[in-house]
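Engineer: I would like to see how this sequence folds:
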Amino acid sequence: MRLPGLARPSGRREESACLCYSERSEESVTQGLRMPHFVRHDKGWHGIAALALSALLLASCGGAATPASSAPASPSAPAKPAASTAPASASAQPATSTAASAAAKPAASGAAASPGASGALDKVTIAYVPTTAEAGLLVTVNKGYAKQYGIDAQLVRLNSGPDILPQVGTGQIDAAGIGITAGVFSAVARGVGMRIVADLAAYPKDGNPLPFLVRKAVYDSGQVKSAKDLKGHKIAMNAPGGINEYQWIKLLAKYNLTLDDVQTTVMGIPDEIVALKNGAIDASILAEPNGSEAVNNGYAVMVPEDSNPVPGVQGTFLVFSSKMMQERPDVARRFMMGYVKGVRDVVAHPDAPDTIKIQSDVLGFSEAVIRQQLGASAFLADPKVDLDSIIGEQDAFFKRGEMKEMSAPLPVDKLVDSSFLDAALKALGPAS
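Structural biologist: You can find the predicted model right below:
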């Protein structure tokens, strides 16, 4: 099945030892770990601020990154959406300025929105990273909920939040599912044009939705049986100053340890699985379905008592670019209405065959793997942002010194714009 607005991944990731859509070899992962403490092995990470600034400087150069496919995406190059099977749509003209300002508010009316008088669909480009936390977005696009409201939704697959952030800030990406990071807080503080507008997914309060994994050989030898044994061992983090770091901070604190007590290497999520296989790292907190994949392939053992280190926390959010909010507020409002319908579909029918197939086709995992970790993410029928989650995460990153350019944490109203969601919920009414 060809899904609208998306180039199908080149192959099932679970059929390969390397689940790496950035196509790095096992050798490159191992070599990366020879670099100094907290140095990323693939792209320099020093400040997502630098990424956003470089994107602002390079926005006029016209380079394009490869969309959801087997080729790697560049964080500094604007993404180009995959060819869509939907009708051609009218899109907004490029802005002459990328400076951010307060977001425009959507129309107050609760009436259902519709396409423009011409009948053309309005294009919205949506970036995502390959985890099942994105299920609501994927269903919104591929079950036609966005199209119901006159939106031609184009999915673009990127490696990580740092790859997405600068392109949302410049308006090259209209919307994205993104994990909260120190870089997001720093970018907003500098005036980069984006706002958190809705919850994407939270970590459930119960079960093991976020596995703490120990490399199998290390576990079997008795060296590391739980996180309390990690002192001096090598761990992986997919981005400094991100939700994964927040999880590590909380998990290590459980045993009176800090990140200074372990050897930390930054790498992409798929590379963590390769590193567990070849012995380059000893432990990982790995988002599903990647965690199940590492266990199923025999590379790691899950430790239930240390899994899900921050139960119930919201760590991923839907963000809108200020450009879309300011220049096309009606488009933003209509897309939000489709998004709420998509999330409600996932909440009501999480194991529906078409929902499972959409995730399998888009993420590149088998349907069996998708089903295996149903419940790894908690979705809300009314996807309101939990302000306490954002406050806790920002405070943790600030105390770690991840936001050196900020003299104090940002007030929540500088980070979140709930008006688009409020308008959508008013128009759609309560979930049935």
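
Engineer: What strand or helix carries the residue lying closest to Ile180 once chain neighbours are set aside?
Structural biologist: Once flanking residues are discounted, Ile180 sits nearest to Glu393: 5.3 Å by CB to CB, 6 or more residues apart in numbering. Where C-beta positions appear, they are placed from N, C-alpha and C, glycine not excepted. According to DSSP states H and E, Glu393 maps onto helix 387-399.

Engineer: So for the protein, the centremost residue is which one?
Structural biologist: Compute the mean C-alpha point of the chain, and by CA atoms, centre = their mean the closest residue is Ile178, 3.4 Å away.

Engineer: Quick check, Leu257 in contact with Gly232.
Structural biologist: No. Counting by CB atoms under 8 Å, Gly232 is not a contact partner of Leu257; they are 10.4 Å apart.

Engineer: ok, those two, which is more surrounded?
Structural biologist: Leu257 (18 against 10; other CB atoms under 10 Å).

Engineer: OK, contacts around the more buried one?
Structural biologist: Ala227, Lys228, Leu230, Lys231 (CB atoms under 8 Å, 6 or more residues apart in numbering).

Engineer: Can you report how many residues lie near the residue nearest to Ile180?
Structural biologist: Counted with other CB under 10 Å, Glu393 comes out at 26.

Engineer: So it sits against Val184, correct?
Structural biologist: No. Contact criterion CB under 8 Å: Glu393 and Val184 do not qualify, at 9.4 Å.

Engineer: Distance of Val347 relative to Lys357?
Structural biologist: From Val347 across to Lys357, the span is 18 Å (CB to CB, to the nearest Å).

Engineer: Using ChimeraX, define a selection of the buried residues within the contacts of Leu257.
Structural biologist: A single ChimeraX command selects the buried members of these (16 or more other CB atoms under 10 Å):
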select :227,230
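
Engineer: State the pair within the contacts of Leu257 that is farthest apart.
Structural biologist: With CB to CB as the measure, no two of the contacts of Leu257 lie farther apart than Ala227 and Lys231, at 9.9 Å.

Engineer: what about stretch 375-389, average pLDDT?
Structural biologist: In this model, stretch 375-389 carries a mean pLDDT of 91.

Engineer: now the helices for the stretch 301-432 of the chain?
Structural biologist: 322-327, 329-348, 353-363, 367-372, 387-399, 419-428 (DSSP state H, counting those that start in this stretch).

Engineer: shaky segments in the stretch 101-250 of the chain?
Structural biologist: Residue ranges of the stretch 101-250 of the chain with pLDDT under 70: 101-118, 207-208.

Engineer: As a check, name the ranges of all helices in it.
Structural biologist: 135-142, 145-148, 161-169, 182-190, 216-220, 243-253.

Engineer: Put together TSV for the ones you listed, with distance to Met337 and mean neighbour count on each row.
Structural biologist: Output for those, formatted as TSV (distance: least, CB to CB, whole Å; neighbours: other CB atoms under 10 Å):
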stretch	distance to Met337	mean neighbour count
helix 135-142	10	27
helix 145-148	8	22
helix 161-169	20	29
helix 182-190	25	24
helix 216-220	46	17
helix 243-253	27	22
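
Engineer: Can you check which of the ones you listed gets nearest to Ile273?
Structural biologist: Using CB to CB, the nearest of those to Ile273 is helix 216-220, at 12.3 Å.

Engineer: outside of that closest one, which residues touch it?
Structural biologist: Contacts of helix 216-220 (CB under 8 Å, 6+ apart): Val224, Lys225, His233, Leu276, Gly279, Asp282, Ala283, Gly298, Tyr299, Ala300, Val301, Val303.

Engineer: Going by distance to Phe397, which of the residues you listed wins?
Structural biologist: So of the contacts of helix 216-220, ranked by how close each gets to Phe397 (CB to CB), first place is Ala283, at 21.2 Å.

Engineer: give me the beta-bridge partners of that closest one?
Structural biologist: On the basis of DSSP bridges, Ala283 is bridged to Val214, Ile235.

Engineer: cool, Leu121 as well?
Structural biologist: Residues in beta-bridge contact with Leu121 (DSSP bridges): Ser89.

Engineer: hang on, isn't it packed against Gln148?
Structural biologist: No. Counting by CB under 8 Å, Gln148 is not a contact partner of Leu121; they are 10.7 Å apart.

Engineer: The residue nearest to Leu252 when sequence neighbours are not counted: neighbour count?
Structural biologist: Take Leu252 and drop its neighbours on the chain: the residue closest to it by CB to CB, 6+ apart is Thr258, 5.8 Å away. As a burial measure, Thr258 scores 11 neighbours (other CB under 10 Å).
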